[in-house]
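*Asks:* could you look at this predicted model? Sequence included:
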Amino acid sequence: MIQDFFASLGEKIWQIHCVTSADQALELLKVRKIDLVVSDVNMPMLDGIQFLHILNRSHPDLKKAVITANATEEKRSACLAEGAELFIEKPRSPEGLRSIFIMLEELITWTPREGFQGVLRRVGLQDVIQMECLGRNSSILEIHNQQLRGRVYIEDGRIIHAQAGDRVGENAFYELLSLPSGEFQLHPFELPPKRSIDGQWEFLLMESARVRDETIAAQASANGPASAPGPAPADKSSALAADLAAQVEETLICSGQGEPLYAWQCPNTSARITLLQNVAQQAASLSQLIPLGNFDRLEIQLADSRAVAQVKTDRMVFVRVSSGSEKTARQSNE
Amino acid sequence: MNDTLQEWLATGAIASGMLGCGMRLPDATCLSYSFNELCPREGLDQILHQLAETTATLAGQGLAPRRLTWTFEQGQIFLFPRPDGALLVLATQPNTEAAENVDALAEEFFSLNASH
């Protein structure tokens, strides 16, 4: 009766296959493409919950609904935990059947949202971006809190555009990554309205960390001496404005044990790794001579460029960039 | 070490947030001043010798520094090497007058005569 009723409501769009046991259903799934499985809970041999468990493993993308005359909260929880999208009590009237038909049709046409969701307090935004870039993925990272909403566009592992409120480009990127908390969603990639960023992602992440430190330090300073100490800000000569015009000259990322993970235009990788290890030793030694807390970074101001060496327990990073101001000066001389 | 350098280092570097300062001449003689018990003179002398080696190591990798900034949670250590081999080291607390004045101090250091 239900088959005829749903077939009439579905205007022949639905193809309904009825079976009387779980094993018959599994056999049918092997030979027919099925969009939706509607199951009872009380079935011979294999009950509906066990059936859902098997379906979840064998057909993880298949949509599943449960209709039962004996709907208890315990069964509802078990079915939903095993992957059922709907758990419905069997109706006792044609009107109830019509409601179920509408729900099932909605379930068939429903497309799950692609992407992930997370909360910045629990998952590091930098980690997500790093994973996307290292994996050479393409995606849009939407970030928002009560004050600000923005997007970071990643194409083939390169950060190509960012917008935050009215800002675009690296300024927007740094602002988004300086947010103390918020939420983000990772969406499928779409072409951005423009390409406003062409720097290396490693440098962008390092700079965003520095900008965030500066923001925290500025807030601590504004709040007075009682504020919690944070990493010291970079000095004014390396202000953000100049950095925005900077160009990455070389990059090296290696594990805490010195195993190279990523090198770009690095003239001598092993020498640079030795340098990073030396920096780690020197920082430890300096900490013993003057107790200034944990080491954050070493900045090396060179004649025509600037390098940053950051040493953490799990990784070491070396980035050298041409100085924006000096590059501008060279261009004006030319 | 000449009196001019000593006087400049003792008076010129004093500022709010300055933990200590030191100078190493090309002949490896050191002079340092501590303005905070966290930063003893002996420690500054050791830092000067240690960072002199670091500067040479960096130069060997084509990274001859004009300035090194070691940033820690609660302070920074600046090192300014001169072409003649003299070094100036400044240890400052963050967000202080001393931290903001390091560039001005370095300019004076570069213009001083370090010869005996």
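*Replies:* Arrived safely, thanks for sending. Numbers count the residues shown, from 1 in each chain, chains lettered A, B, ... in the order given.
*Asks:* can you tell me how far the residue nearest to the spatial centre of chain B is from chain A?
*Replies:* The residue lying closest to the centre of chain B (CA atoms, centre = their mean) is B:Val89, at 1.3 Å. To chain A, B:Val89 is 10 Å away according to CB to the nearest CB, to the nearest Å. For the C-beta atoms, the positions are set from N, CA and C on the backbone; glycine is no exception.
*Asks:* over to that residue. Which of the three states is it?
*Replies:* In three-state terms, and counting by DSSP: H, G, I helix; E, B strand; the rest coil, B:Val89 is strand.
*Asks:* how about the one 5 residues further on?
*Replies:* When the structure is reduced to helix, strand and coil (three-state DSSP), B:Pro94 reads as coil.
*Asks:* need the contact list for A:Phe318.
*Replies:* A:250-253, A:266, A:272, A:275-276, A:307-310 (CB atoms under 8 Å, 6 or more residues apart in numbering or on different chains).
*Asks:* next up, the contacts around A:Leu177.
*Replies:* The neighbourhood of A:Leu177, defined by CB under 8 Å, 6+ apart, consists of A:125-126, A:205, A:208-209, A:211-212.
*Asks:* ditto for A:Val308
*Replies:* A:Val308 sits next to A:206, A:297-300, A:317-320 when contact means CB under 8 Å, 6+ apart.
*Asks:* redo that, cut-off 7 Å
*Replies:* Counting by CB atoms under 7 Å, 6 or more residues apart in numbering or on different chains, A:Val308 makes contact with A:206, A:297, A:299, A:319.
*Asks:* tell me the bridge partners for it.
*Replies:* Counting by DSSP bridges, A:Val308 forms beta bridges with A:Glu299, A:Val319.
*Asks:* look at it and report its pLDDT.
*Replies:* A:Val308 is assigned a pLDDT of 90 by the prediction.
*Asks:* same check on A:Gly324?
*Replies:* 52.
*Asks:* next one: A:Lys194
*Replies:* Confidence at A:Lys194, expressed as pLDDT, is 90.
*Asks:* cool, and A:Arg121?
*Replies:* pLDDT, A:Arg121: 42.
*Asks:* what separates the residue nearest to the centre of chain B from B:Asn36, distance-wise?
*Replies:* In this view, B:Val89 and B:Asn36 are 14 Å apart by CB to CB, to the nearest Å.
*Asks:* thinking again about what came up before, out of the contacts of A:Phe318, list just those in strands.
*Replies:* Among these, DSSP state E puts A:250-253, A:307-310 in strands.
*Asks:* what's the closest of the residues you listed to chain B?
*Replies:* A:Ala307 (6.4 Å; CB to the nearest CB).
*Asks:* the closest one: neighbouring residues, count only.
*Replies:* Neighbours of A:Ala307 under the rule other CB atoms under 10 Å in any protein chain shown: 21.
*Asks:* same question for A:Asp61.
*Replies:* 5.
*Asks:* where's it, which helix or strand?
*Replies:* Under DSSP states H and E, no helix or strand contains A:Asp61.
*Asks:* could I get the phi/psi values of it?
*Replies:* phi -90, psi 0 (degrees, to the nearest 10).
*Asks:* isn't A:His187 right up against A:Asn137?
*Replies:* No: the criterion here is CB atoms under 7 Å, and A:His187 misses it with A:Asn137 at 11.8 Å.
*Asks:* tell me the secondary structure at B:Cys21.
*Replies:* strand.
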